[in-house]
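Undergrad: Give me the fold of what follows.
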Amino acid sequence: MLDKLLRKSLFLLSLTLFNTALMAQKNEIIKEKWHWDGKLKQDTAAGYAQVLKVGNVLYISGAVSTSLTPEGITQVYKALERSLKSFGATFQNVVKENLYTTDIEAMKKYNDARKVFYKGDFPAATWVQISRLYMTDAKLEVELIAHLPGN
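TA: Reported below is the predicted structural model:
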């Protein structure tokens with residue numbers, strides 16, 4: 001009886017360890033990257049990727065402009081559009097936008113240049129005025145989170 005109980009306990013322990021190992025493997029995330037069509041798919045000097053896809057979510061690094069004009073804002077959103085397209089997405093897939101600028105009033109003044117890209121389907125957004133960005137002459141940086149259909 002004791003031998004049967006011991007064997008059953010060992011079997012249950014083995015099964016638990018096996019399931020734990022399987023779950024640990026399933027918890028590893030698969031990252032797909034895109035970086036301006038580069039072979040490495042990331043910038044090793046600064047240490048980032050332009051787009052990182054995990055599951056059906058795209059995390060898009062900031063695109064920048066040195067000009068807070070309609071043209072400069074359009075340049076940023078065209079770069080973001082290219083980032084979205086790298087995984088077949090559009091601005092209608094964007095759920096979150098973080099905008100950093102050195103002049104919030106100029107950004108508010110020229111906001112129509114940004115709104116055109118969303119075609120009336122705006123994401124959750126945060127706009128922050130800061131003293132400077134990573135690039136010393138940059139005046140605007142915008143990052144996005146987008147969801148792809150499925151999954």
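
Undergrad: only C-alpha atoms for contact and neighbour calcs from this point on.
TA: OK.

Undergrad: any weak-confidence spans in this protein?
TA: Residue ranges of the chain with pLDDT under 70: 1-26, 151.

Undergrad: For it, which segments count as helices?
TA: For the chain, the helices defined by DSSP state H cover 2-26, 70-85, 104-109, 112-118.

Undergrad: Give the burial count for residue 66, as a bare number.
TA: 16 (other C-alpha atoms under 10 Å).

Undergrad: er, residue 148 I mean
TA: 18.

Undergrad: residues in contact with it?
TA: The contact partners of residue 148, taken as C-alpha atoms under 8 Å, 6 or more residues apart in numbering, are 56-58, 89, 93.

Undergrad: Tell me which entries of those residues lie within strands.
TA: Assigned to strands by DSSP state E, the following of the contacts of residue 148 qualify: 57-58.

Undergrad: can you pick the most crowded of the contacts of residue 148?
TA: Going by other C-alpha under 10 Å, residue 58 tops the contacts of residue 148 with 24 neighbours.

Undergrad: So it sits against residue 149, correct?
TA: No - using C-alpha atoms under 8 Å, residue 58 is not in contact with residue 149, being 11.3 Å away.

Undergrad: pretty sure residue 143 is touching residue 61, no?
TA: Yes - the criterion here is C-alpha under 8 Å, and residue 143 meets it with residue 61 at 5.1 Å.

Undergrad: What count of nearby residues applies to residue 136?
TA: 9.
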